[in-house]
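**Q** Provided below are the primary sequence and the corresponding predicted coordinates.
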Amino acid sequence: MAGETLLKIDNVSRSFDLRGTVVHALKNVSLQVPAGSFLALIGPSGCGKSTLLRLLAGLDTPDAGALSVNGVDPFTLRQQGSIGMAFQDPALLPWRSVRKNIALPLQILKRNLDEYSARIQSLIELVGLSGFEDAVPGQLSGGMRQRVSIARALVTEPNILLLDEPFGALDEILRRQMNLELQQIWMKRRPTTVLVTHAIDEAIALADSVAVMTSRPGRVVEVVQIDLPRPRTTEMFRSTEFHAIADHLSELLFTHATA
Amino acid sequence: MSSSTGSLRRSAGSLLIVVVVWELVGKLELIAGGTFPPLSAIFGRLYDDRADYPQHLAATLRSAGIGFAVGSVIAIGCGILFAQFKMLERIFRGVSITFFAVPLIVLVPVLLLAFQGTMPRIILAIIAVYFPVMVSTLIGVRDIDPRLAEVIRVSGGTDRDVMRFVRLRAALPAIFAGLRVGGPGALLGVMLVEFGGGVRWGLGTYLLGSLGRGEPARLWGIGLLATMIAGISYGVFSWFGAYFLRTNLSTTVSMKASSTTLDSDDRYTGLQRLVLGIASFCTVLVLWSGALRLMNLSPVVARGPVAVVRYLFTGARGADARDRLLSALGETLPLAGIGLMFGLLAAFVLALLLDLFPIVGSAFFPFALISQSMPLPALTPLIVLVFGRSVLATVVVTFSVTFFPSYVTIAQALSSSPQGAIDVAESYGARRLQVLRFIRLPQAIGSLLTAARLAAPRALLGVMIAEYLATGNGLGNLLNESRGKLDYGMIWTVGAVSVTFAVLLTQIISKLERQIGRKFLV
């Protein structure tokens, strides 16, 4: 693709009025990552990382500044069906089966579902839910529901994948498993991905670069490049490089938290 | 043994006891000299009258069915529109509250003046159905899990898509909860108009005729039949509602609890609120005059808001009209107040007792179900039969129409205390009584006001029906008398004044309710 192939966050500010007091969720935040890379946003609660993700999704508008991917603004991207998003809560429609939940974005974009049945089936296999196609969310475990929501985020083959603590509600063991699975899925198509998390190990395991954020006002203090080779494995979680990066990130987080 | 079979067994047991006690009391003529016949006599009479019932039943069911269907479609449509366009809802709020608070009986003479044949019955059924269905649709469509809407938007969806894929489906349990109340409402509306006369067939006509002839067994038979119809429709819609509720829960961590009130005006400034209030009040007046214009009635018969004011204040007989109105109000309002107080108090005490001794609750359930379903027009003649044409009968009617709905509201609030708070108290060794005192009771105080707001219009309706049918006092009687004397001005005036009082009362209570709610909001 010609022109700039970038995810670009340019001097973005967003504040909220909470019962009379103005909270600066984001103040003059700028970030730039190459298209097709994996960015993690990490920081304490209230540092504006979720706000930033919602701005990227076009669910909210900044008070100042601009966001774009390859020069296109989030609202246009959204309408093109270029964005896939998964939340901490799977937010599945409880009355729809796994298959129909995954098909939802296609229906919204008025695509002919018959043409996509093979893709939906392969996504179900990819996230390991074969045999559960016709189950409704109430019959699935928390981890399975989260896989459905990730499959749903992928069904339109989005150029941008936005993940808002998608594994935050899962236990540690399941979370690591899902991290590795997500990496597998991501490596197949390499959509530009932004992951919001508060887990240092998750950020390192998945991201090409980690933006460390801090609160009051929400801002980016440093962007750390993660140069570990892919695919990253569970052995790597125990390596010295991994720990060195983890120490550096936690130092950044704690210095600024107590500052 | 699972607890549900246990409670089922207790309910069945208590139902059996009711049947036996009823039979004995009736047989021995223990209450009011035979006005409370044994069940066997009631069913015997039902069988003897079997040739009469089909036509009465068919007439009532037909009007109620049409009214229910049309009313539901209108109400669901309005609910969806109001959920989409907040300003529209705010402008029509006066109309909505009027339909909620209006003692339906004041509309009977008006409708009989304006329409012929079965139309008055159908229209009153539509009006009775409108509010509960509209409000539950509005709340169901409006209060969805916001994350589901975000999923749709992120995927490129518009508000229309959110409506189509989420709101309409998510609202189904609420809509059915509204229809569940609307069904018996339609029956009530139809039977009230049948009391007004002018039709040969209908359960209400049959009931009124039997009241005049003093035939207790037949009265009870008609009453129980009407109860059964209302109960069946309640049960069917409950079942659908429960089905959709089951399929709607399950995944989401915290489905937002539906509120029972309309949007609060907190986001508006004082001036904006004043303007909105005036606008929504004017909408009522405009609709009132507009409807009269549309129906093309003679101005002698059909009085608009201006004509009512003129009748009361500038007309030749204004002073006389005011006197009669004031003395009727003086009779009706205290009775409604007393009945409401007793109903609320009894409901509160019973809800507390049942919270302390839950086993009694399931035994109590069948009574609650039956009396919830018994249409007011069927209940009133029975109470008049037992207690005579007296003030006592009026208070009993009012008590019984306010007691059970209030009980349900309060009991729900008592049992909805957060488990976490109860666990905390119990971990410090709190007894049942202490949990009640420190956690459940403070939470239930607000529900007393909610119950009062919901019951106040019912109390007024109860008093007026008793007055209209039996006691010859107050507003109900004034309405009936004015019909006889073709005093059209008074008919409209009684209507307007009683609506005004009902609306004022519910608005005052709802203001208190919001203040208390704000205080305890976390």
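**A** Received the coordinates, thanks. Residues are numbered from 1 along each chain as shown, chains lettered A, B, ... in the order given.
**Q** Low-confidence regions, chain A specifically.
**A** Residues of chain A meeting the criterion pLDDT under 70: A:1-5, A:257-259.
**Q** Tell me which residue is most central in it.
**A** Centrality entry for chain A: nearest residue to the mean C-alpha point is A:Leu163, 2.0 Å, by CA atoms, centre = their mean.
**Q** got the phi/psi numbers for A:Asp10?
**A** With angles defined as degrees, to the nearest 10, A:Asp10 sits at phi -120, psi 100.
**Q** so how far is B:Leu271 from the residue nearest to the centre of chain A?
**A** A:Leu163 sits 46 Å away from B:Leu271, going by CB to CB, to the nearest Å. All C-beta spots, glycine's among them, are computed from the backbone N, C-alpha and C.
**Q** Where do the strands of the chain begin and end?
**A** Using chain A here. Assigned by DSSP state E, the strands in chain A fall at A:6-18, A:21-34, A:38-42, A:64-69, A:83-86, A:160-164, A:192-197, A:209-214, A:219-225.
**Q** List the contacts of the second one.
**A** Under the contact criterion CB atoms under 8 Å, 6 or more residues apart in numbering or on different chains, strand A:21-34 has outside partners A:5-17, A:39, A:46, A:48, A:51-52, A:55, A:62, A:65, A:192, A:208-209, A:211, A:216-220, A:223.
**Q** buried subset of those residues?
**A** Using 16 or more other CB atoms under 10 Å in any protein chain shown as the burial test, the contacts of strand A:21-34 include A:6-9, A:12-15, A:39, A:48, A:51-52, A:55, A:62, A:65, A:192, A:208-209, A:211, A:217-220 as buried.
**Q** Please list the residues of the stretch 51-200 of chain A that sit near chain B.
**A** With the criterion set to CB under 8 Å from any CB of the partner chain, the stretch 51-200 of chain A comes near chain B through A:57-59, A:78-81, A:83-85, A:87, A:89-95, A:104-105, A:107-109, A:136-138, A:145, A:152, A:156, A:162, A:169.
**Q** same thing but at 6 Å, please
**A** Residues of the stretch 51-200 of chain A lying near chain B by CB under 6 Å from any CB of the partner chain: A:57, A:59, A:78-79, A:81, A:83, A:85, A:87, A:89, A:91-92, A:94-95, A:105, A:108-109, A:137-138.
**Q** Selecting buried members of those residues in PyMOL, what would you type?
**A** Applying 16+ other CB under 10 Å to these, the buried members can be selected in PyMOL as follows:
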select buried, chain A and resi 57+59+78+81+83+85+87+89+91+92+94+95+105+108+109+137
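**Q** So which of the residues of the stretch 51-200 of chain A next to chain B belong to helices?
**A** When those are checked against helices (DSSP state H), the matches are A:Arg78, A:Gln79, A:Pro105, A:Ile108.
**Q** any idea which of these is closest to B:Gly204?
**A** A:Ile108 (50.7 Å; CB to CB).
**Q** Now the closest one. Nearest residue, chain neighbours left out?
**A** B:Gly157 (4.3 Å; CB to CB, 6 or more residues apart in numbering or on different chains).
**Q** related to what we said a few turns ago, identify the farthest-apart pair in the ones in helices among the residues of the stretch 51-200 of chain A next to chain B.
**A** A:Gln79 and A:Pro105 (12.2 Å).
**Q** measure A:Arg152 to A:Arg96 for me?
**A** A:Arg152 is 10 Å from A:Arg96, by CB to CB.
**Q** which of the two has more neighbours?
**A** Between A:Arg152 and A:Arg96, counting by other CB atoms under 10 Å in any protein chain shown, A:Arg152 is the more crowded of the two (28 against 18).
**Q** For that one, which residues are in contact?
**A** A:Asn101, A:Ile102 (CB atoms under 6 Å, 6 or more residues apart in numbering or on different chains).
**Q** and if you look at the one 3 residues further on?
**A** Each residue near A:Val155 by CB under 6 Å, 6+ apart is listed here: A:Ile102, A:Pro105.
**Q** Go again with 7 Å.
**A** Applying CB atoms under 7 Å, 6 or more residues apart in numbering or on different chains, one finds that A:Val155 lies in contact with A:Ile102, A:Ala103, A:Pro105, A:Leu106, A:Arg119, A:Ile120, A:Leu123.
**Q** Thanks a lot, see you next time.
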